[in-house]
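**Student:** return atomic coordinates for the entry below.
(chains A, B, C and D)
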Number of protein chains: 2
Amino acid sequence: MLPPVPVPPNGTAGGLRQESLRELNLALVMGVIAGADAPPSRAGIAAATGLNKATVSALVDALVEAGLVAELRRTVTGRAGRPATPLRLAGGTVAGLGLEINVDYLGVRALDLTGAHLDERIQRRDLRGSQPGRTLAALRALAGQVTAGLEARGLRLAGVTLALPGLTDAGQGPLRWAPNLGWRDVDVRRVAAGLEPAAAGPGFFTVDNEANLAALAEAHIGARQSFIYVSGEIGIGAGVVVGGQVFRGLHGWAGEIGHVPVDPAGPPCSCGARGCLEVYAGKRALLAAAGLPAAATPEDLAARLAGGRGQARAQRAIDTAAGAIGQVLAATMNLFDISTVVLGGDFTALAPALGPGIEEVLSGRVLAARWGGASLTVAASAAGHHPALTGAALAAVRRAITSPATFLP
Amino acid sequence: MLPPVPVPPNGTAGGLRQESLRELNLALVMGVIAGADAPPSRAGIAAATGLNKATVSALVDALVEAGLVAELRRTVTGRAGRPATPLRLAGGTVAGLGLEINVDYLGVRALDLTGAHLDERIQRRDLRGSQPGRTLAALRALAGQVTAGLEARGLRLAGVTLALPGLTDAGQGPLRWAPNLGWRDVDVRRVAAGLEPAAAGPGFFTVDNEANLAALAEAHIGARQSFIYVSGEIGIGAGVVVGGQVFRGLHGWAGEIGHVPVDPAGPPCSCGARGCLEVYAGKRALLAAAGLPAAATPEDLAARLAGGRGQARAQRAIDTAAGAIGQVLAATMNLFDISTVVLGGDFTALAPALGPGIEEVLSGRVLAARWGGASLTVAASAAGHHPALTGAALAAVRRAITSPATFLP
DNA sequence: AGTATATGTTTATTGGCACAACTAATCCAG
DNA sequence: CTGGATTAGTTGTGCCAATAAACATATACT
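**Tutor:** The predicted model follows:
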């Protein structure tokens, strides 16, 4: 007999006290500063939010004192009136720590609020079938090196986020299943043991799927709001971003695109079913179809496509993959009502080859394009190397934007 | 250079004043009363929300005075202490008006805050290729009859929501495309002309896809939080509900499942592509494959399945449809990370026949079930006749739950 | 009848925002 | 170069909503 009124309107579970009001408005101000095209002034923020100038001044002053916001030099605008003091997120004061465990490396990356690079450690090694305990300890040690350096430079740690190639339980929980690592039900939280500052608060340490975090990095660096990030590696995953936020689903396992059926009677897949996307467009399938050794890189494949021996076969492999990717993406785009695709992972280097084939399928199958007049975009990722690591660090440092109140004195 | 910090944390675009605090807490209290398993007391609400008893008392009193909440008789609990005053949403005070235009009828339905039926008008007629202006005028007239009756009974109108079988622009906007009506770019807002009370506020009139609204009705009546509602009619649509909220996507066109490809080389579809789900499991395809006339009902098909002439053929048609539906739902469930499916529309009557075939496909293909231990559910809809109409009325009356402040004196 | 327990109300206090008047810093016109 | 116009930001007052603590109310238990 319940009218389903789901989330309380504020997002937090509980009631709002006056304190919360301040917390929310602090976060609002941070969000405006973070999201503005150009550094806004106090007056500009007041106009954008509807808050009173005096209120905004007080909030901004608190954020400046906490080292979350920095005042820039006043610029000469040429217009009448007292010149504004532009505000931006402070650099070099607060750090987010991104961690990643993947099949062939461990990684740690630290970024500040502006997204600037602070520090990084990448340790290449084969982690297929590795012992979770040892691997986590190694990553913990690597993270310790980075945080020691940050502390020495006077940076505060805003959060730690771990990127994993598998199903994680919505944010907090343990790793459920990482097929390519061969891990199952691993409590990964201890990787952050001892990293939390005294008053860390909930959500200091989070875990997420690598595709979701790579999508976050893409959103940041590519300045995109709504798109599907397709990560082509050994497995194929996707991160769905709607209005700047990652769609996670019930358990945080949304976007598992790799095992969407392309042809139910197709070749068997490692997941136990048949004809999944991975069987047509996963790294192994793609390289094998192109006649390349399993250790080859996407760049090798791209080179074959340029001409010479094996070009035709490589092109056929690409065409098959593009057709399958297009078919699955068409489904995804119709279901999510999103009209932009970003090709990441190994697909980034292959984007020029894959793009046209994918677009062709999409243009005939995506309703929003055919009938709604929406324009389709298929682009290569701009998020650089180890995007999941970047996304993890961004997700971590974002805590200072979404709940700045915990960082005030 | 923007860290993508998307929606301001409060959900509204602007800053929060003290007023907003009260508004949000009023909505919170309404939400707790609406969502509770048993009528809660003031003290219970205080405990559930973390708000002070005195605060909750003040908020509840305001809601009672506004006619949004009713006090029940004090019950004898058997425990020590002063007995609590149970609270519930008030019935017969505020009404939500649902409107629907579909291929073979116009409908108006009014529900109150408790979900109780207040009034209803269904006008059966063939609206394929109808003139939008005339049809809207007819529906407006029908709605007028209902609202006149409501007004006479002293009910206040909380909102009006229109359900349409097509793509509507995210909530407010005009109808973009309704293939089965043959409508394109119709400004449907005038159907609510004159229905708004003086201080209606924004969002009084909304438009949404019939599948989304039917899903909302299912969430209400079936008390489900996260599921995919599949509506099988001439077209096939889906409403995706996550945590009690409908997922709309970028333009509000999410859940367009009917044109997800099943076999890219399959028979041509009305959308211009080939092998869409609709070609295998749409009403026309299903009846034709079963050897039934186009005017037959799903009940006719169910009767054939029971035995007698044509049983085998009907069963083959069902098996084909179930396979196709299962394949597309497997994709949908992997992408959205949702493990419950509700069969609605014509599929409701066919659920006993379709269910096993669908479940078989899903159990082999949905990752959350195979590897995450989530249990799959395929159920028939419990939302009754014209679920989109019910959902529309619920969406309309919900305004009094999500923003009760506008209903205070 | 008296005590324990739980619900709900009353009254004083506090935190945070709005409003309005003010200061500050620039452009521009004469 | 001086004074008005314009825009940015600050200061002080008042108000609103929530809190806390004491109180009133209504039951059960002994």
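**Student:** what about the closest residue to A:G201 other than its chain neighbours, which SS state?
**Tutor:** Of all residues beyond its chain neighbours, the one nearest A:G201 is A:T406 (5.0 Å), with distances taken as CB to CB, 6 or more residues apart in numbering or on different chains. Any C-beta I mention is one placed from the backbone N, CA and C, and that applies to glycine too. Applying DSSP: H, G, I helix; E, B strand; the rest coil to A:T406 yields a three-state assignment of helix.
**Student:** give the contact list for A:T406.
**Tutor:** A:A199, A:G201, A:R399 (CB atoms under 8 Å, 6 or more residues apart in numbering or on different chains).
**Student:** can you get me a residue count around the last one?
**Tutor:** For A:R399, the number of neighbouring residues by other CB atoms under 10 Å in any protein chain shown comes to 23.
**Student:** what about the closest residue to it other than its chain neighbours, how many residues nearby?
**Tutor:** Computed as CB to CB, 6+ apart, the closest residue to A:R399 that is not its neighbour in sequence is A:G159, at 4.2 Å. A:G159: 27 surrounding residues under other CB under 10 Å.
**Student:** helix, strand or coil for A:G159?
**Tutor:** Secondary structure state of A:G159, per three-state DSSP, is strand.
**Student:** in whichever strand or helix holds A:L301, what's buried?
**Tutor:** Element membership of A:L301 [criterion: DSSP states H and E] is helix A:298-306. When neighbours are counted by 16 or more other CB atoms under 10 Å in any protein chain shown, the buried residues of helix A:298-306 are found to be A:P298, A:L301, A:A302, A:A303, A:R304, A:L305.
**Student:** picking up where we left off before, what distance do you get for the residue nearest to A:G201 to A:L87?
**Tutor:** 20 Å (CB to CB, to the nearest Å).
**Student:** is the longest helix seen in chain A in proximity to chain B?
**Tutor:** Ranked by residue count, the top helix of chain A under DSSP state H comes out as helix A:311-336. Yes. With CB under 8 Å from any CB of the partner chain as the criterion, chain B is reached by helix A:311-336 at A:G323, A:Q327, A:V328, A:A330, A:A331, A:T332, A:N334, A:L335, A:F336.
**Student:** I'd like the average pLDDT over the helix or strand hosting A:L287.
**Tutor:** When elements are assigned from DSSP H and E, A:L287 belongs to helix A:283-290. Mean per-residue pLDDT for helix A:283-290: 94.
**Student:** quick one on the thing from earlier: quick one: contacts of the helix holding A:L301?
**Tutor:** So helix A:298-306 is contacted by A:283, A:286-287, A:290, A:292, A:310-311, A:314-315, A:317-318, A:346-350, A:352-353 (CB under 8 Å, 6+ apart).
**Student:** mean confidence score for it?
**Tutor:** The model assigns helix A:298-306 a mean pLDDT of 93.
**Student:** starting at the chain centroid, how far to it?
**Tutor:** Relative to its parent chain, helix A:298-306 has a centroid offset of 27 Å by CA atoms, centre = their mean, to the nearest Å.
**Student:** angle of that helix against helix A:283-290?
**Tutor:** Relative orientation of helix A:298-306 versus helix A:283-290 (axes from the mean of the first three to the mean of the last three CA atoms, to 10 degrees): 30 degrees.
**Student:** any weak-confidence spans in chain A?
**Tutor:** Applying pLDDT under 70 to chain A flags residues A:1-14, A:170-173, A:372.
**Student:** show me the helices in it, by range?
**Tutor:** Secondary structure of chain A (DSSP H): helices located at A:18-35, A:42-49, A:53-65, A:132-152, A:210-221, A:277-281, A:283-290, A:298-306, A:311-336, A:346-365, A:367-370, A:387-397, A:399-402.
**Student:** so can I have TSV of those helices showing distance to B:A211?
**Tutor:** Listed next are the helices of chain A as TSV, based on distance: least, CB to CB, whole Å:
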stretch	distance to B:A211
helix A:18-35	33
helix A:42-49	36
helix A:53-65	43
helix A:132-152	43
helix A:210-221	27
helix A:277-281	26
helix A:283-290	35
helix A:298-306	40
helix A:311-336	12
helix A:346-365	19
helix A:367-370	13
helix A:387-397	33
helix A:399-402	33
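**Student:** quick one: those helices as TSV, columns for distance to DNA strand D too.
**Tutor:** Listed next are the helices of chain A as TSV, based on distance: least, CB to the nearest atom of the strand, whole Å:
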stretch	distance to DNA strand D
helix A:18-35	5
helix A:42-49	3
helix A:53-65	3
helix A:132-152	30
helix A:210-221	26
helix A:277-281	50
helix A:283-290	52
helix A:298-306	49
helix A:311-336	36
helix A:346-365	41
helix A:367-370	39
helix A:387-397	25
helix A:399-402	20
